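1. What follows is a protein structure lacking sequence information:
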């Protein structure tokens, strides 16, 4: 990320803060908020919140190709967002909730997923094996480095078929 680039961070409490990258050095950035962050409100919801069982892990928005295997059939999809626990995709057909599939995302091994919801060309997938924080950060760094070298988001290794 480069200074001046817009950024939105969604916290585990469900609150989102937006701003711009203020500085970037090595694998770290500083963020300048667009508005003062309501820290007291955010902290109030950290321990006692009736939404805590519904809060999803923070995710990042992306636009990258992937392959989804459904009932032995492979199809191209676009990953729209990803977190340590799940993946949001666009897909050409409606998938049944609770359906078990596999997804192949650039720089990741194949992962088992469960369809959580599907509507109007979009689908939410729960990773059967959540990503560790280290896996998630390493993946994002590799993806960013590949994009810098190619000038765009990379095509995944083995994109055409599962091996």
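-> It's in. Everything quoted here is computed from the prediction, not taken from an experiment.

2. Skip the chain neighbours and tell me the closest residue to residue 6.
-> Using Cβ to Cβ, 6 or more residues apart in numbering and skipping residues adjacent in sequence, the residue nearest residue 6 is residue 20, 5.7 Å away. (Each C-beta comes from the backbone N, C-alpha and C, glycine too.)

3. how many other residues sit next to residue 62?
-> When neighbours are defined as other Cβ atoms under 10 Å, residue 62 has 18 of them.

4. Report the contact partners of the nearest residue to it once chain neighbours are set aside.
-> Using Cβ to Cβ, 6+ apart and skipping residues adjacent in sequence, the residue nearest residue 62 is residue 79, 5.6 Å away. By Cβ atoms under 8 Å, 6 or more residues apart in numbering, residue 79 lies in contact with 62-66, 87-89, 105.

5. If we use 10 Å, what do you get?
-> The contact partners of residue 79, by Cβ atoms under 10 Å, 6 or more residues apart in numbering, come to 61-66, 68, 87-90, 103, 105-106, 125, 153.

6. Most neighbours among those residues, please name it.
-> Most surrounded of the contacts of residue 79: other Cβ under 10 Å gives residue 125, at 27 neighbours.
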